[in-house]
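1. mind looking at a prediction? Sequence and model below.
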Amino acid sequence: MKIIKIQLLFILFIIKVNIVFAQSITISGFVRDYKTGENLIGASVYDNISQTGISANSYGFYSFKIKKGKNVKIIASYIGYQEMRKSFIAKKDTIINFTMISSNELEQVIVSAERKEYKKPELSALKISLKNIRQMPSLSGDPDVLKVFQLMPGVQTGQEGSSSLYVRGGTPDQNLYLIDDISLYYVNHLGGFVSIFDDNAINSVKLYKGGFPAHYGGRLSSVVDIRMKNGDFKKFHGEIKAGLISSKVFVEGPLKQNKTSFMFSARRSNIDLFTRPVSSFGDKGFSAAYTFFDIYGKIRYKISDKNSIFFSTYIGRDRISFKDKGDTNTSDPFEQLDKNRYESYFYTKWGNQTTAIRWNHLFGNKLFSKLIIYGSNFYLNSKREYLKKDSALNIIENVKGTYNSGISDLTIKYDFDYYLSNSHKIKFGLNGIKHFFKPGISNFYKKDNTINSDTTFGNKNIQTQEASVYIEDIITLTKNISFNIGLRETYFNSNDFEDFSFQPRFILSFSLFDNLFFKMGYSKMNQNLHLLSSNGTGMPSDIWLPASEKIKPEKSEQFVFNSTYLLPHKNFQLTIEAYYKEMNDLIDFKENTSYLKNNSDWINFVEYGGIGRTFGAEFLIQKKTGKITGWLSYTYSKNERKFDNINNGFYFLSTYDRPHNIAIVFNYEINKNITLSANWVFMSGFVMTFPLSNYQIELLETKDFNNELFNDYNDLYKKNNIAYYYGSKNNFRLPPYHRLDINILFKKQKKRGERIWQVGLYNAYFKKNIFFLYYKNNGKDLYKFTMFPMIPSVSYSFRF
Amino acid sequence: MKRLVLILYVIILLFYSCSTKFNLDISELHPQIVVTGFITNDSLIYVSISKTSSMDENNFEKINNAKIKLFENNQFIEELSLKDDGLYVSSDTAKIGIEYSITIFVNGFDTLKSSTLIPTPPILNEGIVFPNSYFDQQQSRYASEVLISFEDNIETENFYQISFYGYEYKGSYWDWNTDTYTITDSTRVNFHGVQYMNSEDPIILNEGDMNFYRDKGNIRSFIFSDELLIKNNTLSIFIGGIIETDAFPNEGVCVLRSINKDFYKFQKSWIRQLFNQGLGDFNPANMFLSKNPNELYSNIENGLGIFAGYSESQIILTVVD
C-alpha cells in the first residue's frame, strides 16, 4: 500500500511540473563530433541567460525547455571540444544539432563543463577518457579499459595481471558489463590478463560503483557501461597495429554519406606464433597453441533525424589446444612405429557472441526511445580424443570426451528518456530476458574391440525468465540542489521458483559555493544469477546458475556519501567518498570442494545464504588538463563474508580484502610527439589460510587394535594421519604488493596518417610480487611464484 | 634485429617468472591438546592424548601424565590407565546405548571434556554382487556391482559407513600353465581386496564427496547420512578387486557401520582436508582450482580431536552370475 501511495504522489508531481512549463518552448537536438559524427555522450547544453540546460544522453540527444519569447544563448560544451554558442529569440520549438570541434587547449571550457557534471545527481561514477586509456601502460602493450579502472579508488585488482574488477568488495560476477546495452558474461582473454574490450571500437566508457540509476539492474556491485563507436558518417578512418601479444585492424566510414556508416574492428593474438614452433621443437608431432580474437562490427542507418537503426555484433573467442600426432624426429624405426600408434588431441575454447538490432526513435522533441532486441551467448567447449592403432595403423581404440557449459540470453529492451522540463527528466523502460543455462554437461565415448559406449552426464539445462520495469526521475529543485529518485521492479521465474524484487534508488546532490559539491545516495540491487567460481578470479570454466527456491537471488544495499572540491586556479579536484554495502544470499563453494572434478549436482557443493559486508573511504586528487595530468587515489576498505558452514559461522575476511590501495598515475606530454606515462600501485597483500600448527590423529577405532579390516580400508588415513589446525579462514595476510609501470608513445605525422610507436615496461623495478604460494617437500617448505617480475612491450600502429 | 627483439622478449617472458623460498612469519602458538578415541561395543575404550606441534617441527609430544575420568550416563566409573606412550585404556568394554563421557586434566591446560554414544548396529538384510558387471568409463576399468539392502530407523537421524572386504583361503595359488587354481590350506582368512570403489547411487552422490574418492582411487569406505533414506533401502556400489572372476573362489563381505554424528562430521571434514589442504608438492592445477582448506571437526571442549562411537554389522555377499 505504501508503495502505491509513493507512486501516486510521484505521478501527481510529474503532472504539476508539466503544468508549470506550459508556456514554454522546447530546444532539442543531437550533439556530435564534427569530424566523425560520433555521439558526444554527456555533453552539456544550456541557456546562458536563464542558466538552464541538460546533458546529452548516451545517443547524444538533449532536450530542454525555455520560456517563450525570451532571448536565449545556447551553449554546448564537452571536455576536449571547443564550446559552441547559438543566440536567438525563443518563439517556437527548435531543433539545434551541434557538431563540435575537438581541441586540447581550452581548459576553461573543460572546467565549465566539469562543474555542470558535478552538479548532476550522479554518484560513484568513474569516467576515463579514451585518450587517457591509450596513454596508460599495460601488461600487454595494448590499452586495456578495465585495467585503467583498477587504478581508480574503490576498484581493486584480483590476481596480478588480471582484468577482473573487484568493486567495493564485490566479485567479478557482480559486475554488469554492457556494450551498447548488451550484457556480456565473460570479458577476459588469456586467463584474465587481457580484457576483450578493444579501444578502437569504443566511443566512451563509464563505471558505476554505487549510486546506481534505476535503469541499471541485474548485478550487485558495478556497472561498466561501454558505448561503441557508430562509424564515421563523413570520412573513412582506420588503424592497423602490430604488437607482441596481439595485432589488430580497425576501419570506419560512411557507406552512404550522412546516411549510413559502419565500424569494424578485429584483433588477434600472436601468442601461437611463438608457442607452435617452441612446442614442436623436440617432437615435431606435438604442438600446443593458444589464440584469441575479437571482432566488433556495427552499421548505423539514419532513416531521418528522428529515426535511426543500428545493427551490431561482437564475436570473441579463446582457444587452447594440444595435438600429439605421434610423429617424432627419431630415426629409430621401432620408436617411430611405437609413437605412431598413439594420437591425442585436446582443445578448450570459450567466448562470447552477441548480435543486436536497435531502433532509436524520437517522439516529438521531448521523448527519446530506443528499442533493442539482442541475443548473447557465452560458451565453453572442451574436447579430448585419444586414438590407439595396431601395427598396421588401423584404429583399435577411440576414446572421446567432451564438456560443454555456458549461458545464452535472448533480450528485448525498450527505454525512454522523457524531457518533461528543464528541471525534470524522466527515464523509464522495461525489459524481458530469457536465460538458457547450460551448467556443465559431459559426454564420454569409447569404442574398442570389446565395448562401444556413449554416455552423457552432468547438470540439466535450465531456462529462466526475467522481466523488469523501471522509472527514474531526475529533478533539479534549485540551481544547487538536484536529485534522482528511481524504482526498479524485477520479476524472475525458473522451474520451481518465482521472485519479485523491489529496488528503490535515490541520489541527492547539492553544492555550496561554486566549487564544493556534496552527494549522497542509496541503492538496492538484485542479482538472479550466481557464478560458481573455482577461485573467485573469474575463469571461463566458472559456471553461471540461476537463483532457485533453495539458492535465492543475491541482494545488496549500498549507502554512499560523496564530496568534491574543485581547487581554484590549478584545475585540481579532490573527491572523498565513503560507502557501506551489505550483500545477502551470496554463494560459495562448500569448504574444500573442487567442482571441476565433481559430477554430482552442483547444488551439493554450494554454500548459500551468505552475508557480505564491506565499507570504505576513497580519496581521489585528479588533474585532468594541462601538459601534466593524472591522479592520486587512496582507498581504505574492509571486506568480510559470513556463511553458516564456513569458518564455524563467524565473519571472515574475503579473499580479496585489501585494506590499503594507492595508485599514482602520471601523464606528461613532453612535446607534441612524445607522451610519457607512468603509474605506481601499492596494495595490501591478499589473505590466505595457512596452518598454524599440526597434530596427529591416532587410529584407535579397532577392537583392541587387532581388526585388520579397519586399518586396511583406512590405509589412506594411516598414511596421512597428520591434520592441520588453521584457527580461522583467511588467517594470514601476505606482504604488500607494489609495482611501477612506464609507457612512452612516440607519434609522428606522416603523409597519410599518424604513426605511433609504443614502448612500455611493466613492473619496471623488478618487484617480485607473489602470484601464488605452494609447498614443496610435503608441506615443509613454502615457495612463492612470481609471474611478472618485468615485462617489456612494444607495438607499432598507424592511424589514418 | 627484429628477430633478436622477439627472441629476447620470449626469453624474458618465459624465464623471468621465478620461484623463491618464502618465509612465513607465523608467531608461535600455545600448543593445544589433541584427543583421539573411537569406541565401539564389546571393545575396551582407548583414548590417545598428545599435543599439537608447530608446522616446522612435527614433534607430536605424547601426554603421559594426564588424568582421564570416564563416566557412564554421567556416573563416574573409573580413571583410565596409561597403557602405552600417550595411550590410555579402560578396564571394561563399552556397551551400546550408554553415553560415555571423559574429562581430561593436563597440567597447564584447561580441562577437556567430551562425550559420545555408541549407536545401535544397523540391520543388514541382503548383499548380492554381480561380478564384473560395471565398466567405469572414467577409470577405464571393470568393477562388480553390489546391492546392499538394509533398514534405517526413520525416527532418528542416522549416519553410516560402508566398506567391503573378502575371504580367501589361507593357502592357494594360481597355476598359469594349466590355468587352474589350487588350494593348499582351506582355512579362510579375510583380506581387504578392495582396490576401487565408486557409486552412482543418489544416497552416496548426495554427500558430494565422490570427487575426492575418485581422485584417490583407493578409498575403501563411503560415509553417508540418512537424509535420503527410507525404511528399507537398497544401496548400489561398484567395487573392484574382491571378486574378479569365478575362478577365484573368494567371498565378499560387506561391513555396514552405524556411526554417530560426531564421527560422521569428523570423517567428512578429514576427507576434505586430506584432499584439499594443498600441502602436497606443487601442482599447477591447484593454482586455479584449489580452495581454502578447512578445519577438522572436533567435539573436544577446549581441545582438538574426536571422541566418537560406532557399531557394525556384516553380511557375506551372494554372487549372482
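-> All right, it came through fine. Numbers count the residues shown, from 1 in each chain, chains lettered A, B, ... in the order given.
2. and the closest residue to A:F690 other than its chain neighbours, what's its pLDDT?
-> Using CB to CB, 6 or more residues apart in numbering or on different chains and skipping the chain neighbours, the partner closest in space to A:F690 is A:F732 (4.6 Å). From N, CA and C alone the C-beta is placed, and that goes for glycine too. On the pLDDT scale, A:F732 is placed at 84.
3. for A:L782, see how far away A:F732 is.
-> Relative to A:L782, A:F732 is positioned 11 Å away (CB to CB, to the nearest Å).
4. now swap in A:N443 and tell me
-> On the measure of CB to CB, A:N443 and A:L782 end up 40 Å apart.
5. check A:N648 too.
-> 25 Å.
6. quick one, helices of the stretch 201-321 of chain B?
-> B:202-205, B:210-216, B:261-276, B:284-289 (DSSP state H, counting those that start in this stretch).
7. state the distance from A:T99 to chain B.
-> 43 Å (CB to the nearest CB, to the nearest Å).
8. can you tell me the closest non-neighbouring residue to that residue?
-> Closest to A:T99 by CB to CB, 6+ apart is A:Y34, at 4.3 Å.
9. what's the overlap in contacts for A:F732 and A:L782?
-> Taking CB atoms under 8 Å, 6 or more residues apart in numbering or on different chains as the criterion, A:F732 and A:L782 both touch B:L24.
10. avg pLDDT for stretch A:520-540?
-> The model assigns stretch A:520-540 a mean pLDDT of 79.
11. so which strand or helix has the closest residue to chain B within the stretch 351-500 of chain A?
-> Nearest to chain B in the stretch 351-500 of chain A, going by CB to the nearest CB, is A:F444, at a distance of 4.7 Å. Element membership of A:F444 [criterion: DSSP states H and E] is strand A:424-447.
12. shaky segments in the stretch 351-500 of chain A?
-> Within the stretch 351-500 of chain A, the segments meeting pLDDT under 70 span A:391, A:448-459.
13. returning to that earlier point: list the buried residues for the strand holding A:F444?
-> Buried positions in strand A:424-447, judged by neighbour count with 16 or more other CB atoms under 10 Å in any protein chain shown: A:424-429, A:431, A:433, A:435, A:437-442, A:444-446.
14. and that strand, what other elements does it pack with?
-> For strand A:424-447, the packing partners by 3 or more CB pairs under 8 Å, 6 or more residues apart in numbering or on different chains; DSSP states H and E come out as helix A:2-20, strand A:395-421, strand A:452-458, strand A:462-476, strand A:543-546.
15. and the helices of the stretch 201-321 of chain B, which one is worst for confidence?
-> Of all the helices of the stretch 201-321 of chain B, helix B:284-289 has the smallest average pLDDT, which comes to a mean of 43.
16. lowest confidence element among the helices and strands of the chain?
-> You didn't say which chain, so I picked chain A. helix A:708-713 (a mean of 41; mean pLDDT, DSSP states H and E).
17. oops, chain B please
-> That would be, for chain B by mean pLDDT, DSSP H and E, helix B:284-289 at a mean of 43.
18. which residue is nearest the middle of the chain?
-> You didn't pick a chain, so chain A it is. A:Y177 (4.5 Å; CA atoms, centre = their mean).
19. look at chain B instead
-> Note: chain B centre (CA atoms, centre = their mean) maps to B:Q267, 5.9 Å.
20. how about that one, what does it touch?
-> B:Q267 neighbours (CB under 8 Å, 6+ apart): B:Q161, B:I223, B:I259.
21. among those residues, who's most crowded?
-> Ranked by the number of neighbours (other CB atoms under 10 Å in any protein chain shown), the contacts of B:Q267 place B:I259 first, at 28 neighbours.
22. give me the buried positions along whichever strand or helix holds A:T348.
-> Under the criterion of DSSP H and E, A:T348 resides in strand A:342-363. Of all the residues in strand A:342-363, those buried under the rule 16+ other CB under 10 Å are A:343-344, A:346, A:348-356, A:358, A:360-362.
23. can you tell me which of those residues is nearest B:S101?
-> A:T348 (55.2 Å; CB to CB).
24. so how far is chain B from that closest one?
-> 13 Å.
25. again with A:Q51
-> 56 Å.
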